[in-house]
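J.: Okay, sequence plus prediction incoming.
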Amino acid sequence: MIISRIAKSLLVSAAFTLAAVTAQAEGIGASLLTQQHPFYNELAKAITAEAKAKNVSVEIAIANQDLNKQLADIEDFIVKGVDVIIMSPVDSKGALAAVARAEAAGIKVITVDVPVEGAKVSSYIGTDNYAGGVKAGELMAEQLGGKGNVAIIDYPLVQSVVNRVNGFKEAIAKHPDIKIVSIQTGITRAEALAVAQNMLQANPDINGIFGFGDDAALAAAVAVKSSGLTGKVKVIGFDGMPEAIKAVDSDPDMVGVIQQFPDQMGKLAVDTALDLKAGKDVPAEQPIVPGVYVKKQ
């Protein structure tokens, strides 16, 4: 009788364990680059909201720009047996191993905002960053009247930023009287502020600064003011976060931002994950056209 009760208990326990694993396996794991940027906060909200609307579980892990943390988070998702992993890579090259591990375990991978270099994932969802960079370059040329010196605050580890900067350079190249005199890396807002100050000190004839993201652009605008150059340097950002939009409306040095739409990306990422789970074919790339926000007339 005692043995029978023990056996029954073990069977019940095993059933609960199996149910837990099965429930886990029906979910989505999302590894996002940071929670220190409004874009990724909006992306996380959109993923959570769409998962709730579609009645699917989602676990979000934040890498906070630490590749090792992201790799560990992906490994955790693999052990838990999620069906699909949504990832915004910290490092476009460094994340290659994580994608390979997931795919070896039979888990589909979707990248959002930042692609993984050298990996073929199930789908990439993100802003057409090259097109956005071109728009930023065209806006800068327009603001400068086709001539002047510009600088770029960069983040070369991330492929989406590489694409933005390449697009910007391509647009500027069509204006022979505009020269790019400095390109420096400034990942965080504090780093971007120091970089912008150094740029302006080394090149006092700079007329425009393109920040790879809104944080970099907002920092550049502060540097312009602290250097006594208000009204003399045009600053353009990339993201379209509320603080930057407000700055464009009220700050004479912030002349525009290229807008991304993280809400669309998050929703589409979850919908694509569910299509993959259902065995449907999905597009390899799903670009989202960026917008341009300038001062209200």
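T.: Good, I have the coordinates.

J.: And the strands in the stretch 1-150 of the chain?
T.: 28-32, 58-62, 84-87, 108-112, 123-127, 148-154 (DSSP state E, counting those that start in this stretch).

J.: Could I get the average pLDDT for the shortest one?
T.: Spelled out, that is strand 84-87. The pLDDT scores in strand 84-87 average 98.

J.: Pull up the distance across stretch 120-134, start to finish.
T.: Stretch 120-134 has an end-to-end distance of 26 Å (Cα to Cα, to the nearest Å).

J.: and what of stretch 233-245?
T.: Start-to-end, stretch 233-245 (Cα to Cα) is 18 Å.

J.: Buried residues of it, list them for me.
T.: 233, 234, 235, 236, 237, 238, 239, 240, 241, 244, 245 (16 or more other Cβ atoms under 10 Å). C-beta here means a position set from N, CA and C on the backbone, and glycine is covered the same way.

J.: Which of the strands of the stretch 1-150 of the chain sits closest to residue 165?
T.: Residue 165 lies closest to strand 148-154 among the strands of the stretch 1-150 of the chain, at 5.8 Å (Cβ to Cβ).

J.: quick one: the helices in the stretch 51-200 of the chain?
T.: 67-80, 96-104, 129-143, 159-173, 189-202 (DSSP state H, counting those that start in this stretch).

J.: rewinding a little: with the buried residues of stretch 233-245 in mind, which one is nearest to residue 224?
T.: So of those, ranked by how close each gets to residue 224 (Cβ to Cβ), first place is residue 233, at 4.6 Å.

J.: For the closest one, give me phi and psi.
T.: phi -130, psi 130 (degrees, to the nearest 10).

J.: in this protein, what spans have low per-residue confidence?
T.: In the predicted model of the chain, residues 1-26, 297 satisfy pLDDT under 70.

J.: show me what contacts the residue most central in space within the chain?
T.: In the chain, the centroid-proximal residue (Cα atoms, centre = their mean) is residue 113; its distance is 4.1 Å. With contact taken as Cβ atoms under 8 Å, 6 or more residues apart in numbering, residue 113 is in contact with 33, 39, 40, 43, 88, 125, 126, 127, 160, 260, 262, 265.
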